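> here's my sequence, what's the structure:
(4 chains)
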Number of protein chains: 4
Amino acid sequence: MNNFGRIFRINIFGESHGPSVGVTIDGCPAGLPLSADDFAGDLSRRRSGRKGTTARTEADVPEFVSGLFEGKTSGAPLTIIFKNRNIRPEDYQNLKRHPRPGHADFVAARKFDGFNDHRGGGHFSGRLTVALTAAGVVAKKLIAPTQVTAKILEVGGRKDIDAAIEKAVSSNDSVGGLIECVATGVPAGLGEPFFDAAESLISHLVFAVPGIKGIEFGSGFAAASMTGSRHNDMIVSPGGTTATNHAGGINGGITNGNDLIFRVAVKPTSSIGKAQKTYNFENDSLDDLVVEGRHDTCFALRLPPVVEAATAIVLADLMLLEQKIKRIYKQP
Amino acid sequence: MNNFGRIFRINIFGESHGPSVGVTIDGCPAGLPLSADDFAGDLSRRRSGRKGTTARTEADVPEFVSGLFEGKTSGAPLTIIFKNRNIRPEDYQNLKRHPRPGHADFVAARKFDGFNDHRGGGHFSGRLTVALTAAGVVAKKLIAPTQVTAKILEVGGRKDIDAAIEKAVSSNDSVGGLIECVATGVPAGLGEPFFDAAESLISHLVFAVPGIKGIEFGSGFAAASMTGSRHNDMIVSPGGTTATNHAGGINGGITNGNDLIFRVAVKPTSSIGKAQKTYNFENDSLDDLVVEGRHDTCFALRLPPVVEAATAIVLADLMLLEQKIKRIYKQP
Amino acid sequence: MNNFGRIFRINIFGESHGPSVGVTIDGCPAGLPLSADDFAGDLSRRRSGRKGTTARTEADVPEFVSGLFEGKTSGAPLTIIFKNRNIRPEDYQNLKRHPRPGHADFVAARKFDGFNDHRGGGHFSGRLTVALTAAGVVAKKLIAPTQVTAKILEVGGRKDIDAAIEKAVSSNDSVGGLIECVATGVPAGLGEPFFDAAESLISHLVFAVPGIKGIEFGSGFAAASMTGSRHNDMIVSPGGTTATNHAGGINGGITNGNDLIFRVAVKPTSSIGKAQKTYNFENDSLDDLVVEGRHDTCFALRLPPVVEAATAIVLADLMLLEQKIKRIYKQP
Amino acid sequence: MNNFGRIFRINIFGESHGPSVGVTIDGCPAGLPLSADDFAGDLSRRRSGRKGTTARTEADVPEFVSGLFEGKTSGAPLTIIFKNRNIRPEDYQNLKRHPRPGHADFVAARKFDGFNDHRGGGHFSGRLTVALTAAGVVAKKLIAPTQVTAKILEVGGRKDIDAAIEKAVSSNDSVGGLIECVATGVPAGLGEPFFDAAESLISHLVFAVPGIKGIEFGSGFAAASMTGSRHNDMIVSPGGTTATNHAGGINGGITNGNDLIFRVAVKPTSSIGKAQKTYNFENDSLDDLVVEGRHDTCFALRLPPVVEAATAIVLADLMLLEQKIKRIYKQP
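Coordinates of the predicted model:
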């Protein structure tokens, strides 16, 4: 389902090498001021251009198709489109018979019986995250002064990130990374009992981002090795402040008012210059494949604003549900 | 929202020390044979009784309230209830002013302004997982011959699980654990583009289980340190079999026909016999708390059938959506 | 889908001659006082016993399975069950081969390939409306001082309702009826643009009630014959009061603050004592059928509280969405 | 919520005098051939130009933004946009203080605190039905050979429709109409028990169309005056064919294999040339209003393809759910 959320609902569409990608946000409070400038920062952080990112760059200028009136959200669905300009569909001609290892090429062809747009991954492309980032910009404005910040912790297992990128570039390879996301000023009480735990909703949206393979909240996987006496966070104030934050700001699926903290593991880019074996569906043989097209050495570098967006979107939805945000926007 | 799923939809209700817990399954195909015997195995695996689990045991006999006719599902909503018999609400009298560290006590009281049923965690209790397990039994029958199996990998960071339990028991403490879940015979093509990625849906439901703080698919967090040439799984057959399975059976959010593999981190039980400090909301002081009630030393031990249930429920829903399961049940 | 609503969500289960029928309400604000007494009035209005209603009567005592704690809603899912006591499944033995004309017997058997519970219509029975009525009682308390009142306007096309019933009883036949529902004190601004128009949601839930075949808002079908100059309701106050109410309190799908008014057409009871022809699926012949069992002469008589319930449920959901009702219940 | 459907899901956006209106269809089977030509017929039937319709005409050329690849649906979300070219926002300058009687102007301003796009009704405009019609074209292709046909039965209460229009035009007034919709070849078994009755879903979507104030299935309101012996449809064949069709092809909320028949009442256009009184929100007085802009005398004339669209969309969703349509499109 290309739709997520209960009140603040997002709907994403588009393909990597089609005319555009976009998002429709339904249920955004009316009266929120929005302009292209609001989007510039996060779109720029997500954009390529630095070492370790693809040679394909897109201007990423948001076009407001609906839902914005005289510079403010109108209460009607807000549709934002980003034109794809720098496309090279011819780079993908030979991939119909040679699915790229690690990519969605094979599963997309199986699921849609070959009718999928295979060019650059089509709808499965990381290009779609520009639309998610845009929705995140809107969500971040709504939830202020609650703030969401994600950053790269490691690339290729190293904290010296430049060196890790350098090494991967020089070997025509790619490399994965680790991202940490922190939300501050999160009100206590967000998340719904059982199925709509805060962790459930955040992980749902985070795993929609192509290439993320793990998520952990608070102490996360380390908790599996800990004792209760060490892991339990002692409450030390009437507001619920805890002395430690092993829970990552969430107990029983509900935010507890402390910082919300989680980390995600991003796999290495699947498209690499190095030759790889893959199945040739025409000849029933194993062939060497060198992936053409323009790709990131480490696409994790581009994901912090996307992870922030996913988090802010969930928080906006939960804060509307919990009536911590009004249906008519009020400056915080 | 206490409702999950698109076609095979589950709805959970009940409290730890209320009259019963239960589940309503909507959209289950008609004609599936079901009897209490089908539930005995998984309910017994989830039940306490072994070393490291609580002294509270429940018979867990499923009562079929609706949706079952002459031993088969009728196509109408299937409601199954489990009576709570072994309750001791008096164990929880002093917890209204002393929220247990690590528990949902504080957030529940904040979210519901003190109207929540605080006895044993109320609706936030692990007791609810009996209902999830029951829904999983139905899902497992539906998806056969696809099979889902979870097992404990480690407790307290050790593979010698008995020793880890022993140590925690002897120190009046609790301990966390690591669980691995594998689904075999999963058809390729399950999962929907973008928001309903297979990882999104599985993690959504898995994080609804109290106490789970991390999930990783395939190589998971290790992928963040890997290169693409090592991480990419080479396709070696026309059916899509891969030589390795770093992807955990999912590419681009869609199952690829290989085994689906993920691991979850379970935190240590929050309720421990050892004295802990907690906030006293009556006196505005930090008090010592010794948690009464009966609790697991390591509730991770009881979760494998629950994690299987979450996985099977998602697979049943996706297989119905993809029309790999008929709306009228057919023996596989 | 046996689930309706976005925030105040209801889920219904049960069969006419199974052990019980029930409802789970998810998303009900915490702190709402509820007792069996609250339900007595509407359940009694819905119950049979008067002339024109069935000889089957049920005590209809609500059992609170979950979500109620110390007499108030706890914020967790609220499950209420009504035991079926006065059942006679043997009355329905011959209906497996003889589907009753006008009933769901044939379609249920086709849809569920014969696995449906055919006794008294099973899940398709009007018996399920007791659960809807119960959910309506909760909704009515929430939306107060907004009030919803439905009444019979006509039976068999006559305003002398007793005479119409008399005539149908004396001829072993049944008869339909017309119901009008009015909600007063409805705040302006309920309903969402386009798909969740107030009329869309109310009609969705109203048509879930077995036997309703038409609905019209305000001037309704008469509007098709009117001119704009006559139909347009002139606004005469800053609060939006209109001089007439041809719109039935809804413009563009959004409530306008005037009374919400609609009428529904209820078909005659399908089960009649008079002999009717029906298809015999065993012998491939047209047989005479005299329907056994106990039935209403005019089940429209029992529907006013059910129609009120449907309306109140929609209003509760929309008022929560529009933040006109708090998530923690406050006395109005 | 601007989203409707469970598997075949539509999402609508746009405003009357904004840059464009559009629809995203999620869950459309892959492989369905689509071209602009497919849309020409229904868009032309919906378009103005005939006597009784507005002087504003739009070319209504569908632009495929996503989801279409090499002339066929790709399985990814299908977004279709229609540019608004013939706009005149200046016609609406004085309506901010003078809400048009019968229109959504007042409620939209109240609901969205004046942030709504008021030009021509903004998102509440009948202009949005072009997007619904487009989604209907896709749905109709999917459900073939099932066919949906709607036609005008009456205008202003008269079967001589031209005369009724003539009279309204000559008096600077507008007039309502009655539409009948018939679907043939509908498989038995569509619709879900209780809340997703076929009537519930159809009425939900039909009432989303601006200006519809009533709906009745089969004998509809006439059923309220009938006896059971007359209303019951006798089954006369093993396939479930009935001798009469008072049920309109639906029993117990489930299609019975006979023609699905319903009628809708359309109110007269609210915008009329004749002077009307309305409230002046600036001066707190009752003023005369002559509505500028270009409007239909009888917009019911333009709705048959829209009502067909609503019906086809519901049928497509139910047929996918019931697995009567494959997830990969197959020529019927």
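> what does the stretch 51-200 of chain A put close to chain B?
Residues of the stretch 51-200 of chain A lying close to chain B by CB under 8 Å from any CB of the partner chain are A:99, A:101-104, A:106-108, A:110-111, A:121, A:123-124, A:128, A:154, A:156-157, A:168, A:171, A:173-178, A:188-189, A:192-197, A:199-200. Every residue, glycine included, has its C-beta placed from N, CA and C.
> tell me which of those residues fall in helices.
Taking DSSP state H, the ones among these that sit in helices are A:106-108, A:110-111, A:168, A:199-200.
> and these, which two are furthest apart?
For those, with distances taken as CB to CB, the pair at the greatest spread is A:Ala168 and A:Ser200 (33.9 Å).
> now the longest helix belonging to chain A against helix C:304-321, angle please.
Secondary structure of chain A per DSSP H: the longest helix is helix A:304-321. On the basis of axes from the mean of the first three to the mean of the last three CA atoms, to 10 degrees, helix A:304-321 is oriented at 140 degrees to helix C:304-321.
> now for the one residue in the stretch 1-150 of chain A that gets nearest to chain C: which residues touch it?
Nearest to chain C, among the residues of the stretch 1-150 of chain A, is A:Ala76, at 5.8 Å (CB to the nearest CB). Taking CB atoms under 8 Å, 6 or more residues apart in numbering or on different chains as the contact definition, A:Ala76 lies against A:66-67, C:193, D:13, D:15, D:116-117, D:122-123.
> hang on, the earlier thing: restrict the ones in helices among the residues of the stretch 51-200 of chain A next to chain B to those near chain D?
Among those, the residues lying close to chain D (CB under 8 Å from any CB) are A:108, A:111.
> now, which of the ones in helices among the residues of the stretch 51-200 of chain A next to chain B sits nearest chain D?
A:Lys111 (6.7 Å).
> can you tell me which two in the contacts of A:Ala76 are farthest apart?
Using CB to CB for every pair in the contacts of A:Ala76, the one that comes out farthest apart is D:Phe13 and D:Asn116, at 14.3 Å.
> and the two? Which one has more around it.
Taking other CB atoms under 10 Å in any protein chain shown, D:Phe13 and D:Asn116 do not tie; D:Phe13 has more neighbours (30 against 26).
> wait, doesn't the more buried one sit right on A:Ser74?
No - with contact defined as CB atoms under 8 Å, D:Phe13 and A:Ser74 do not form a contacting pair (11.1 Å).
> can you list residues touching both of those two?
Common neighbours of D:Phe13 and A:Ser74 are listed as A:67, D:123 (criterion: CB under 8 Å, 6+ apart).
> which ones are touching A:Asn2?
With contacts taken as CB under 8 Å, 6+ apart, A:Asn2 has the following neighbours: A:11-13, B:192-195, D:24, D:26, D:77.
> all helices for the stretch 1-150 of chain A, in order.
With DSSP state H, counting those that start in this stretch as the definition, the stretch 1-150 of chain A shows helices at residue ranges A:36-46, A:105-111, A:129-143.
> if you skip the residues just before and after it, what's nearest to the residue of the stretch 51-200 of chain A at minimum distance from chain B?
The nearest approach of the stretch 51-200 of chain A to chain B comes at A:Ala104, 2.5 Å away (CB to the nearest CB). What sits nearest to A:Ala104 in space, not counting adjacent residues and going by CB to CB, 6 or more residues apart in numbering or on different chains, is B:Gly252, at 2.5 Å.
> and A:Ala300, its phi and psi?
Backbone dihedrals for A:Ala300, given as degrees, to the nearest 10, come out at phi -60, psi -30.
> got a list of what it touches?
For A:Ala300, the contact set (CB under 8 Å, 6+ apart) comprises A:152, A:155, A:176-179, A:211, A:266, B:224.
> where does it land on pLDDT?
At A:Ala300 the predicted local distance difference test score is 96.
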